[in-house]
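# could you look at this predicted model? Sequence included:
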Amino acid sequence: MGRLVGSLHAGDGGHDVTLLVNAAPAMGLIFGLGSVIVALAYGALAGRMLGERTGTLSGGLLLAWIAWNTGDLGMILRFDGSAATLVKIAVEAALVGGLVLAGTALIARMASDTEPKATRLGDELKALCTPASLAGMAAGAAAALAIAWVVAFDGMRGQALMAAVIGAIGAGAVSRLVAMSLADGHPARLMPYASVLLAAVVGPLIGLAVPGAANLSSAVIDGTIAGPLLVEPLDWAAAMLLGVPIGIGWTAAITHSAGESKPAEAR
């Protein structure tokens, strides 16, 4: 599937493309979304046999390989930097991220070790609309964007993907901590993943203000382009499955340790 995405070309024949920013956007969507579906199906199968964490890791690694076959967003913005390009990337992020969000629920539902069993997707999406979940999503997205701003200096595949994964780890931890501080009980299962989706959509739109659509090319040349503008939608999609569970695990460890310390202090 990565070869199909890697076969996409820009208008000048180069390979610096996204699924929508290329010479054949319709074909890019077909190849890209089809590849994401295959990766999620593989993750769901692995989760069914070996557990939820193995399922998300398996799907995320396959998505990372697919993302590796896309282009350098810095080069794309250098030669095709415009408000229309930024909007296309944001739309692509919404499509790919929304598909991965649904796939995450599928992996959890099919996983052999998920307890209690995941609820229906509609119920999980409804749970994202509570004030605590919305606050957690906003905080997680802000954390992911801030980390990407610090980590990504170049659109090279490895650096952009790593910025997304580290950002997703931060989003998984921060979003749950914020949501848990505002409401009793466990936060919505999909909320940390949705925070990365939000970051993926907002990231390219930052360029409309900083540095501004008219200054994208010069910002890339000067090396002052904002980090979130260098992260591909497929990078964020892979990071949702690779990074968010790590952040969730860190939060669980922190809250568990805090819960154990309270009885000890009381004694």
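Nice, thanks for sending it over.

# now the helices for the stretch 101-250 of the chain?
According to DSSP state H, counting those that start in this stretch, the stretch 101-250 of the chain carries its helices in the segments 121-127, 131-151, 157-182, 191-205, 216-222, 233-242, 244-266.

# tell me which of those sits most buried.
helix 233-242 (a mean of 30; mean count of other Cβ atoms under 10 Å). Every C-beta, even on glycine, is put in place using the N, C-alpha and C of the backbone.

# pLDDT (mean, whole number) over stretch 26-41?
Stretch 26-41 comes out with an average pLDDT of 96.

# repeat for stretch 218-233
Rounded mean pLDDT across stretch 218-233 is 95.

# please begin residue numbering at 881 from this point
Happy to do that; since the first residue is 881 now, the last one works out to stretch 1098-1113.

# who wins for proximity to residue 947 among the helices of the stretch 981-1130 of the chain?
With distances scored as Cβ to Cβ, the stretch of those nearest to residue 947 is helix 1113-1122 (3.6 Å).

# quick one, grab the pLDDT at the residue most central in space within the chain.
Note on the chain: the residue nearest the mean C-alpha position is residue 1116, at 3.0 Å, using Cα atoms, centre = their mean. On the pLDDT scale, residue 1116 is placed at 98.

# same deal with residue 893?
85.

# got the contact list for it?
For residue 893, no contacting residues are found, by Cβ atoms under 8 Å, 6 or more residues apart in numbering.

# before we move on, what SS does it have?
When classified by DSSP: H, G, I helix; E, B strand; the rest coil, residue 893 comes out as coil.

# returning to that earlier point: show me what contacts the residue lying closest to the residue nearest to the centre of the chain once chain neighbours are set aside?
Closest residue in space to residue 1116, ignoring its immediate chain neighbours: residue 1080 at 3.6 Å, by Cβ to Cβ, 6 or more residues apart in numbering. Counting by Cβ under 8 Å, 6+ apart, residue 1080 touches 973-974, 976-977, 1111, 1113, 1116-1117.
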